[in-house]
Every structure is written in structure tokens, then in C-alpha cells.
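Visitor: Quick one: sequence and predicted model below, then my questions.
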Amino acid sequence: MIKRFTVILLLTGLATIFIGLALGYVPDGSLNQSARYYAENTVSDTGAANIVTAIIVTYRGLDTLGEVTVLFLTAAIVGLVLTRGAKAGKGKPMLASGELLSTGAGLLVPLILLLGVYVFVNGHLTPGGGFQGGAILASGIMLVLLSDPMKDFSHRLIAVIESVSGLVFITVGILGILLGAGFLDNNLLPLGKLGELFSAGTIPLVYSLVGLKVGAEFSSMLVNLSETEGS
Amino acid sequence: MNTLLTGMSIILVIAMIVSALMAISKRRLSIAILSAGLVSLIASAMFLLLAAPDVAMTEAAIGSGLTTFLFFFVLGRVRGESDD
């Protein structure tokens, strides 16, 4: 009774807050100071057509490094917890998945992987980028796992992709300190022409590395989850 | 925001609330998981309407794609364990 009452009280409180916010909402007439800076100077500073990517990779590159580190820690902890006691080898063989799923997976997985790579390589031109592309890559791996749960994925390969891309990411950042204006400075490579694939300095390189790293981390979590036995 | 966009967002928000209610009220877990994925899918359409395609992509890939499958994975695991 008390529990239900508390829930209702909480909901009405939230509702009053949100209704108050919605009634008092007035759209801004112009961009605020930092938004105006980004809108006006992104192209001349970084050469990226997608302002969101320029902010994520260049202006706030350190935050992106932090996010990737958090994701790495999560994947490491999942691996640590799940691989303990899972060394006993494969258990009983599962039922084969349906014809529809296995045929569909064979057709769709290459296309999904291609879409993921496209999304993170074109991160500086079109919406999307490393995190989205990495998640799309991992969902391709997920489809493989669903259609064939017994498939052996090379943990070593995933680990190598993950660590090499992380290492190159940090190296590009430190090269920015040594050769450019600061950590993750993107003027190491020529800015190029706006809207071309090889433009915007180091942004495509860094975002592709982030995409590979995120994809490898998600995939390692999924593979670990699927390889653990039930008990 | 013009009338068409406002109407579409109202429809999307109502659909989102309905599927969220389904997600917590259905007894069958698989339907609840699917409704939770539907909430994320409609949310990503909503982000697209609000001119935030980057956020919409993240929401569609992680919120409605990966987490839904992950829930099904874990559901299958838990069921398999209770059968033993």
C-alpha cells in the first residue's frame, strides 16, 4: 500500500515538473556562445562536414578517450567474470538453428559489416561515427552467433584488434602534443577539401580506430556471453 | 516546428508510452523484451524528427539492436539453466 502510494506520489511529482517545463518552454532565438563558435569555426578549424564528429573527436577528444576507456573496462570485467570456470570445454551440442536464420545470416552478415565500416569511415562527412559503426559491427557478430552458437571466434584476434587500435589512438594523440598544438590535434595530416573522404586531418583515422575498438569490445562481450556454459 | 511534425511526434510519443506500459505489464518475458526494444526504436525515430541523426543512430544500434538481442540471449541462458 505504502509502496503504491509512493510510486503515485513520485509520478505526480515528475508530471508536475515536466508539465511546468513544457508550458514554460520558449525556443531560443539564436545559438548560444559555444554553439555559435562551433557552427562558425568547425570547417576552418578541422575541415569536417559533420560538426558533431568534429566536437567528439577534436574539441572533446579527451572525453572520447575516457568513454572508450570505460567501455574497455566493462569488456575486461565481463571477460574476467565470465571466463572463470568456463574452461571446461564445450558442453552438450545445441540444436541447429533454423534454415531461415542460417541462410539469412550468410547473406546479411557481410552487408552489415560493410555498413558498419562505412558508418565509421565516413564519420566526418555523414551522421554516425566510431561508436555507432562499432555497434553495427558487433550486431553483425551477434547475428553470426545466433545462427551458429558453436562457432569458434578467435579471442586472440579480437584482443589484437582492440589493443592495436587503442594503442594507435593514443599514439596519434601524443603525436599531436609533439608535432601539433596539443593532445589529439588534428592538423597532423592535411585538412584537404571539405566533403572528401580523405580530409579533415586525423579525424577519419581516429574515428575508424574508435570504431574498430568499440566493435571489438562489444564482440568480445557477446562472444564471452555465448561461450559461458549454463552453470 | 510545423503541424505535420508536431502530429507525428505526438503519435510517436503515444506509441512509445503504450509500448513502455506493455513492457512492464506483459507476463510473457519475450513480449516484454520486444516491447522494450520497440520503445528504443520509436525513440530513435523521435530523435530523427528532432534533427539529431547521430543520437538516433546510436539509439537504434545499441538501444534497440544490441540490448534486445542481449536480453534474448540471457533469457535463453536462464531458461536453459532452469530446465537442467
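Guide: That came in fine, so what should we check first?

Visitor: make it CA atoms for all contacts and neighbour counts henceforth
Guide: Will do.

Visitor: Check which helix or strand the residue positioned nearest the centre of chain A maps to.
Guide: For chain A, the residue nearest the mean C-alpha position is A:F131 (1.8 Å; C-alpha atoms, centre = their mean). Element membership for A:F131 (DSSP states H and E) is helix A:130-147.

Visitor: residues contacting the residue nearest to the centre of chain A?
Guide: A:120, A:210-211, A:214-215, B:58 (C-alpha atoms under 8 Å, 6 or more residues apart in numbering or on different chains).

Visitor: Determine which two of these are furthest apart.
Guide: The largest separation in those, counting by C-alpha to C-alpha, is between A:V210 and B:T58 at 14.2 Å.

Visitor: residue ranges of the strands in chain A, please?
Guide: Counting by DSSP state E, one finds no strands in chain A.

Visitor: among the helices and strands of it, which has the poorest mean pLDDT?
Guide: helix A:33-46 (a mean of 79; mean pLDDT, DSSP states H and E).

Visitor: Looking at the contacts of A:F131, which are in helices?
Guide: If you go by DSSP state H, the contacts of A:F131 have A:120, A:210-211, A:214-215, B:58 in helices.

Visitor: Isn't A:I203 up against A:T58?
Guide: Yes - the criterion here is C-alpha atoms under 8 Å, and A:I203 meets it with A:T58 at 7.4 Å.

Visitor: Burial check on A:I8, number of neighbours?
Guide: A:I8 has 12 neighbouring residues, counting by other C-alpha atoms under 10 Å in any protein chain shown.

Visitor: ditto for the one 4 residues further on
Guide: A count of neighbours around A:T12, defined by other C-alpha under 10 Å, yields 12.

Visitor: ok, now A:A159?
Guide: Residues lying near A:A159 (other C-alpha under 10 Å) number 14.

Visitor: ok, and the closest non-adjacent residue to it?
Guide: A:A216 (7.4 Å; C-alpha to C-alpha, 6 or more residues apart in numbering or on different chains).

Visitor: Kindly report the residues of chain A close to chain B.
Guide: Taking C-alpha under 8 Å from any C-alpha of the partner chain as the criterion, chain A approaches chain B at residues A:52, A:127-129, A:131-132, A:135-136, A:138-139, A:142, A:222, A:226, A:230-231.

Visitor: ok, now with 6 Å
Guide: A:127-128, A:132, A:135, A:230 (C-alpha under 6 Å from any C-alpha of the partner chain).

Visitor: from those residues, which would you call buried?
Guide: A:127-128, A:132, A:135 (16 or more other C-alpha atoms under 10 Å in any protein chain shown).

Visitor: what's the lowest-pLDDT member of the residues you listed?
Guide: Comparing pLDDT over these, the lowest score belongs to A:G128 (79).

Visitor: Distance check, the residue lying closest to that residue once chain neighbours are set aside against A:Y38.
Guide: What sits nearest to A:G128 in space, not counting adjacent residues and going by C-alpha to C-alpha, 6+ apart, is B:D54, at 5.0 Å. For B:D54, the distance to A:Y38 (C-alpha to C-alpha, to the nearest Å) stands at 16 Å.

Visitor: When these two are compared, which one has more neighbours?
Guide: Applying other C-alpha under 10 Å to B:D54 and A:Y38 shows that B:D54 carries more neighbours, namely 21 against 16.

Visitor: any idea how far B:G76 is from chain A?
Guide: Going from B:G76 to chain A by C-alpha to the nearest C-alpha, to the nearest Å gives 10 Å.

Visitor: May I have the helix or strand containing that residue as PDB, with CA atoms only?
Guide: Assigned by DSSP H and E, B:G76 falls within helix B:67-83. Presented in PDB, the C-alpha positions along helix B:67-83 are these (Å, rounded to 0.1, in the frame of the first residue of the first chain):
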ATOM      1  CA  THR B  67      20.400  -4.800 -25.900                       C
ATOM      2  CA  THR B  68      17.300  -6.500 -27.200                       C
ATOM      3  CA  PHE B  69      19.400  -9.400 -28.600                       C
ATOM      4  CA  LEU B  70      21.400  -9.500 -25.400                       C
ATOM      5  CA  PHE B  71      18.200  -9.800 -23.300                       C
ATOM      6  CA  PHE B  72      17.100 -12.700 -25.500                       C
ATOM      7  CA  PHE B  73      20.500 -14.300 -25.100                       C
ATOM      8  CA  VAL B  74      20.300 -14.100 -21.300                       C
ATOM      9  CA  LEU B  75      16.700 -15.200 -21.400                       C
ATOM     10  CA  GLY B  76      17.600 -18.300 -23.300                       C
ATOM     11  CA  ARG B  77      20.500 -18.900 -20.800                       C
ATOM     12  CA  VAL B  78      18.300 -18.600 -17.800                       C
ATOM     13  CA  ARG B  79      15.600 -20.900 -19.300                       C
ATOM     14  CA  GLY B  80      18.200 -23.500 -20.200                       C
ATOM     15  CA  GLU B  81      19.500 -23.500 -16.600                       C
ATOM     16  CA  SER B  82      16.100 -24.000 -15.100                       C
ATOM     17  CA  ASP B  83      15.400 -27.000 -17.300                       C
END
